[in-house]
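> with the input below, show me the fold.
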Amino acid sequence: MSVTFLVPWALFVALMAVAGLHASWARGGVWPAQNADQLADWVVGEAFRVGMPPAKAIWLVVAALVFAACDGLALAIHFSDPLEKLVVWAGAGLCGVFGLRGIAGYTPFWRAAHPGVSFTWMDKRFYSPFCVLIAEGFFTLVSDRL
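Predicted coordinates:
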């Protein structure tokens, strides 16, 4: 199997899984935590935050993740010129967004903005490396098209 088949599907599955988890949180779920405060400590990391952000904000994250998943899958398909450029430019933008988010997780600025101990531990080990990996997937697909 080629990279142009595996990478888009891996991106799609990974991003849709994260989108599904966020959708669960938007509907009031707290898995894998015990309650909303613990979940917020793990996934938001803001000092003194009680509970999760508003459901509308989480739904926006879900929409962005679904868009990213679909664009990753679309990068496996060749379209006519205007749509082709849109898909590739969106992929390049997503590469930048995920790459910057992944790198930011290791900066002092990010640590100051998100000082939660549990979040910091999760971010360094899971969230930031995941974002860098997603950015790498988009980079692979976009660079294959240029």
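> helix, strand or coil: sort out residue 52 for me.
coil (DSSP: H, G, I helix; E, B strand; the rest coil).
> how near is the closest residue to residue 79 other than its chain neighbours to residue 73?
Nearest-residue entry for residue 79: residue 87, 6.3 Å, with adjacent residues in sequence omitted and distances by C-beta to C-beta, 6 or more residues apart in numbering. C-beta here means a position set from N, CA and C on the backbone, and glycine is covered the same way. Applying C-beta to C-beta, to the nearest Å, the value for residue 87 to residue 73 is 10 Å.
> okay, the two: which has more neighbours?
Between residue 87 and residue 73, counted using other C-beta atoms under 10 Å, residue 87 has the larger neighbour count: 23 against 18.
> quick check: that one vs residue 15, distance?
Taking C-beta to C-beta as the criterion, residue 87 is separated from residue 15 by 15 Å.
> low-scoring stretches of this protein, by residue?
Along the chain, segments meeting pLDDT under 70 span 1-3, 47-48.
> and the helices in it?
3-26, 36-43, 55-74, 81-104, 108-113, 117-122, 128-145 (DSSP state H).
> would a markdown table of those with distance to residue 49 be doable?
Shown next, in a markdown table, are those (distance: least, C-beta to C-beta, whole Å):
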| stretch | distance to residue 49 |
| --- | --- |
| helix 3-26 | 14 |
| helix 36-43 | 5 |
| helix 55-74 | 12 |
| helix 81-104 | 19 |
| helix 108-113 | 12 |
| helix 117-122 | 10 |
| helix 128-145 | 19 |
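> what is the neighbour count of residue 132?
So residue 132, with other C-beta under 10 Å, has 18 neighbours.
> can you tell me which residues contact it?
By C-beta atoms under 8 Å, 6 or more residues apart in numbering, the residues touching residue 132 are 98-99, 102-103.
> and if we set it to 10 Å?
By C-beta atoms under 10 Å, 6 or more residues apart in numbering, the contact list for residue 132 reads 98-103, 105-106.
> what's near enough to touch residue 88?
Residues in contact with residue 88 (C-beta under 10 Å, 6+ apart) are 71, 74-75, 79, 141-146.
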